[in-house]
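Asker: Need a 3D model of the following:
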Amino acid sequence: MHNLKIKFFTYSGLFVFIILILLSSCRKDEDFITDSSAKLSFSADSVLFDTVFTTLGSVTKRLMVYNPNNQRIKISSIRLGSSSASMFRINVDGTPALQISNVEIAANDSMFIFIKVTVNPNNQNNPLIVTDDIIFETNSNIQKVSLTAWGQDAYYHVPDHEIPHFFQNGSSLFYSIADCQTPWPTNKPHVIYGYCVVDSANTLILSEGTKIYMAPKAVLWVYKDGSIKVNGSLNNPVKFQGSRLDMPYRDTPGQWGKIWLSALSKDNEINYAIIRNGSIGIQVDTVANSNPTLKLNNTVIENMSTAGIYAQGSVIKATNTVVTNCGEYAVVLSIGGNYEFLHCTIGNYWNYSIRKTPSLVLNNYYEDANNNIQLRPLVNAYFGNCIIYGNTDDELLLDKNTNSTFNFKFENCLIKTKLNTSNATNYVSCKINQNPFFNNTDINNLRLLPNSPAKLSGSNGIGALVPIDLDGFTRASTPSIGAFE
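Answerer: Coordinates of the predicted model:
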C-alpha cells in the first residue's frame, strides 16, 4: 500500500509538471505582441558612412532597435535588402549574418545592430554612392533603415617588401617603394599602408591638391639621400591625414604614424600643407649637408597624439607654420641642431587628456644605451615674431647641459613661461604670459582677435622677411606676432 502511494504521488507530480510546462509554453507564445500595428523604433532612420575608400573597410556604426511596446515582440526577419550582393555587413546582437530570423526583444527593451561597409573599386576618379537597406519584418509589418556610404577610389601604396627582424621586438618591417619618376597624380587620393619609402637619391614631388590618407600606423619615410618636395598652394594645399573620415574619427589624433625625414635625408621642402591626426607630424633627423634638412612654410600641423615637430640634431627653417593640439609636445628641438622659426604660432590646447608637458622643448644632449650622456651642440634656436602659448602653466622647457653649446633667442615673441626672461640676450622685446586671444582654440583656429596683444606688435625687420601671412594677406609695416596678420 505504501508503494502504491509513492507511485501515485510520483505520477501525479510528473503529470502536474507536464501540465505546467504546456501552460507555460502557451503563455510564452501569448506573451508576444501580434498586432500588425505594433512597430519597432530605431535610434536613426538612416546610417551614413562619409567617404570610405574602396577596398578599405569602414568604421563600425551602431544602430539601436527598440521595442516600445508593453509585450515582447518577435522580429520574423532582419535582412539586408541586397542580400549577398550588398557591400554592407551587419551583426545582430553578436551574430554576423546577411539575414537572421526570429529575433526577440523584451517589452520596452532594445538591441544593437553593428554595421560596416567595404566599397568595391570602380576605377572612377569621382566619389560614388553605395546604398542599401536593413529590412525588418514584424507581424507582417515591413520597416526599413537606409544605409548610405560615400565611396572613393584611390591610389593604394601597399607593402610589397620585407625586412625581417627590423624592430627591437623582432618583428619585420613591411614597406613599399614610392614611385618618384613623376609627381604623384592628383586626380584621386593616395592611401598609404605600412611604410612607404622614398628611396636614396630619389625625390618625391607632391603637387598642389594632392590628398594623402594614412592607414593606421602608416609612415611616409624619406630615406638617406632622399628628398620630398611638397608644393601646395594657398587655395589648394597638400593634405596628410588619417584614412578614417567618419565622425568622430575625422578629428581624432593618433590615427597614423608620421612623416619621417630620416638621418641623412636632404633638401626636404614642405610648402602649404595640412598635416593632421597622426602620432608625430614630422620627425626630422640629422643633416646630410649644410643645407636645411627641412624648409617648412605655410603649413598647419594639428591633432597629433605625441608631437607636431620632433627634430633630432637637424636643421629646420620654418615660416608661417602653425602647430596645435598635440598630446605631449608641439615642437621638440632635441639633440642640438640649428633652427630658425619666423612668424610661427605654437598654440597647444590639447583637450583629450591632461597634458603636463610643455609645448616647446630645446635640448642639447641625449643618454645613450649605456646610460652615458652624449653632448650635441644647440648651435642656434632662433624664434622671431612667434607665439608659444597653450593651456598648461609653462609652455617652454630649456633642457640644457652646461657642458655643450646652448644658443637660443626669442625676439618679439609672445611666450607663456615661468622661466626668468630678464636676460636681454635671449629674450628681446618679448611679451611674457599675455593671453594672445586666439579666435577659437576648440577648433584649432589660432587667428588673432582684435584685442590680442600680439596684434601689430612684432618686429618690422622680421616681418619684412615673411611679408605674406598664412592666409595670404600682406603684413602691415608693424606686423602681428604669429602666423596670422
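Asker: for the nearest residue to Leu456 once chain neighbours are set aside, what are its contacts?
Answerer: Of all residues not flanking Leu456 in the chain, Thr478 sits nearest, at 5.1 Å (CB to CB, 6 or more residues apart in numbering). No exception for glycine: its C-beta is placed from N, CA and C like everyone else's. Residues counted as contacts of Thr478 (CB atoms under 8 Å, 6 or more residues apart in numbering) are Leu456, Ser457, Gly458, Asn460, Gly463.
Asker: which residues does the second one contact?
Answerer: Looking back up the chat, that one is Ser457. Applying CB under 8 Å, 6+ apart, the residues near Ser457 are Asn412, Lys431, Thr478, Ser480, Ile481.
Asker: Can you read off the backbone torsions of the residue nearest to Leu456?
Answerer: Here is the backbone geometry of Thr478 (degrees, to the nearest 10): phi -110, psi 100.
Asker: And for Asn231?
Answerer: Dihedral angles (degrees, to the nearest 10) for Asn231: phi -110, psi 60.
Asker: which residues touch it?
Answerer: Counting by CB under 8 Å, 6+ apart, Asn231 makes contact with Ile205, Leu206, Ser207, Glu208, Val238, Glu269, Asn271, Tyr272.
Asker: ok, now how distant is it from Ile270?
Answerer: Noted for Asn231: a distance of 9 Å to Ile270, by CB to CB, to the nearest Å.
Asker: count of neighbours near Ser171?
Answerer: For Ser171, the count of nearby residues is 10 (other CB atoms under 10 Å).
Asker: Next one, pLDDT for it please.
Answerer: Looking at Ser171, its pLDDT is 86.
Asker: so it, which of the three states?
Answerer: Put simply, Ser171 is coil when judged by DSSP: H, G, I helix; E, B strand; the rest coil.
Asker: Apart from its chain neighbours, what residue comes closest to it?
Answerer: Nearest residue to Ser171, sequence neighbours excluded (CB to CB, 6+ apart): His165, at 7.6 Å.
Asker: And that neighbour, how far from Ala369?
Answerer: From His165 to Ala369 the distance is 18 Å (CB to CB).
Asker: Just confirm Gln255 contacts Gly242, I think it does.
Answerer: Yes - in this structure Gln255 lies within contact range of Gly242 using CB atoms under 8 Å: 3.1 Å.
Asker: Below-threshold pLDDT in this structure: ranges please.
Answerer: Low-confidence segments of the chain, defined by pLDDT under 70: 1-30, 122-127, 246-248, 288.
Asker: Which segments of it make up each domain?
Answerer: 41-151, 154-465 (automatic domain parsing).
Asker: So which of those is the most surrounded?
Answerer: Ranked by mean neighbour count, the domains of the chain are led by domain 154-465 with a mean of 19 (mean count of other CB atoms under 10 Å).
Asker: Tell me how far it lies from the chain's centre.
Answerer: Remark: domain 154-465 is offset 15 Å from the chain centroid, using CA atoms, centre = their mean, to the nearest Å.
Asker: Can you lay out the contacts of Thr478 as a markdown table showing distance to Gly281 and secondary structure?
Answerer: Converted to a markdown table, these look like this (distance: CB to CB, whole Å; DSSP: H, G, I helix; E, B strand; the rest coil):
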| residue | distance to Gly281 | secondary structure |
| --- | --- | --- |
| Leu456 | 30 | coil |
| Ser457 | 28 | coil |
| Gly458 | 25 | coil |
| Asn460 | 31 | helix |
| Gly463 | 26 | helix |
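Asker: which among those residues gets closest to Asn403?
Answerer: Distance to Asn403 across the contacts of Thr478 (CB to CB) is lowest for Gly458, with 35.1 Å.
Asker: I'd assumed Glu485 was in contact with that closest one.
Answerer: No - Gly458 is beyond contact range of Glu485, at 9.4 Å (criterion: CB under 8 Å).
Asker: So for this structure, the centremost residue is which one?
Answerer: Against the mean C-alpha coordinate of the chain, by CA atoms, centre = their mean, the closest residue is Asn277 at 2.5 Å.
Asker: need the contact list for that one.
Answerer: Gln241, Gly242, Asp251, Thr252, Pro253, Gly254, Gln255, Trp256, Glu302, Asn303, Met304.
Asker: Among those, name the ones in helices.
Answerer: If you go by DSSP state H, these have nothing in helices.
Asker: just curious, which of the residues you listed is nearest to Leu173?
Answerer: Nearest to Leu173 among the contacts of Asn277, with distances taken as CB to CB, is Trp256, at 16.0 Å.
Asker: quick one: the nearest residue to the closest one once chain neighbours are set aside from Leu220, how far?
Answerer: Nearest non-adjacent residue to Trp256, counting by CB to CB, 6+ apart: Met214, 3.4 Å away. Met214 sits 7 Å away from Leu220, going by CB to CB.
Asker: what residues do these two have in common as contacts?
Answerer: Ile192, Phe240.
Asker: so how far is Thr131 from Thr148?
Answerer: Taking CB to CB, one finds Thr148 at 5 Å from Thr131.
Asker: likewise Arg72?
Answerer: From Arg72 to Thr131 the distance is 32 Å (CB to CB).
Asker: Quick check: phi and psi on Ile354?
Answerer: Backbone geometry at Ile354, expressed as degrees, to the nearest 10, gives phi -80, psi 120.
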